[in-house]
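Engineer: Sequence first, predicted model second:
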Amino acid sequence: MSLSDPIGDMIARVKNAQARNHKKVELPSSNFKMKIAGILKNEGFINDFKVNTDNNKSILSLDLKYHYGNPVISAFERVSKPGRRIFSSADGLPKINNGLGIAIISTPKGVMTDIDARKQRVGGEIICKVF
């Protein structure tokens, strides 16, 4: 089965798992999804992530994080979609909830947060917003 928007699928799976208070969510793995999971872990939105291989298929497993029973990720939304790509320069990068949240940006220097992209003065495609 091929997905037209694998990152959108990842976001939907995380939101659905948090709505049901699951500890883990599993999804098909890719290098791009692993980079997004690494950013979520470094910023404290998830506990950990692992990549398992079963029958020549790699599966990304995210350990979700909760604070007093509520999910740490309160908003997780896709910005740039396959039908409409959203790009921004380093100066035009959005601040998510006055700097409390992050935007994940795909730049020529790799996938990074909006804060890192501003520091390195590099723009790119705004993948998603996390708060």
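Structural biologist: Received the coordinates, thanks.
Engineer: which one in the chain is furthest away from the centre?
Structural biologist: residue 55 (25.9 Å; C-alpha atoms, centre = their mean).
Engineer: and it, what pLDDT?
Structural biologist: pLDDT recorded at residue 55 is 89.
Engineer: And it, how close does it get to residue 26?
Structural biologist: Distance of residue 55 to residue 26, given as C-beta to C-beta, to the nearest Å: 14 Å. No exception for glycine: its C-beta is placed from N, CA and C like everyone else's.
Engineer: what does residue 69 give?
Structural biologist: 22 Å.
Engineer: Comparing the two, which shows the higher neighbour count?
Structural biologist: Per other C-beta atoms under 10 Å, whichever of residue 69 and residue 26 has more neighbours is residue 26, with 15 against 6.
Engineer: Now that one: which helix or strand?
Structural biologist: Assigned by DSSP states H and E, residue 26 belongs to strand 24-28.
Engineer: just residue 13 next, same as before
Structural biologist: Using DSSP H and E, residue 13 falls in helix 6-19.
Engineer: relative orientation of that helix and strand 24-28 in degrees?
Structural biologist: 160 degrees (axes from the mean of the first three to the mean of the last three C-alpha atoms, to 10 degrees).
Engineer: helices or strands next to helix 6-19 in the packing?
Structural biologist: strand 24-28, helix 31-42, strand 57-64, strand 76-78, strand 124-130 (3 or more C-beta pairs under 8 Å, 6 or more residues apart in numbering; DSSP states H and E).
Engineer: could I get those as CSV with distance to residue 8?
Structural biologist: Compiled in CSV, the helices and strands packed on helix 6-19 are given as follows (distance: least, C-beta to C-beta, whole Å):
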stretch, distance to residue 8
strand 24-28, 12
helix 31-42, 11
strand 57-64, 15
strand 76-78, 5
strand 124-130, 9
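Engineer: domains in this structure, as residue ranges please.
Structural biologist: For the chain, automatic domain parsing gives the domain ranges 6-71, 76-130.
Engineer: right, and residue 120 touches residue 109 too?
Structural biologist: Yes: under the criterion of C-beta atoms under 8 Å, residue 120 makes contact with residue 109 at 6.3 Å.
Engineer: Much appreciated, bye for now.
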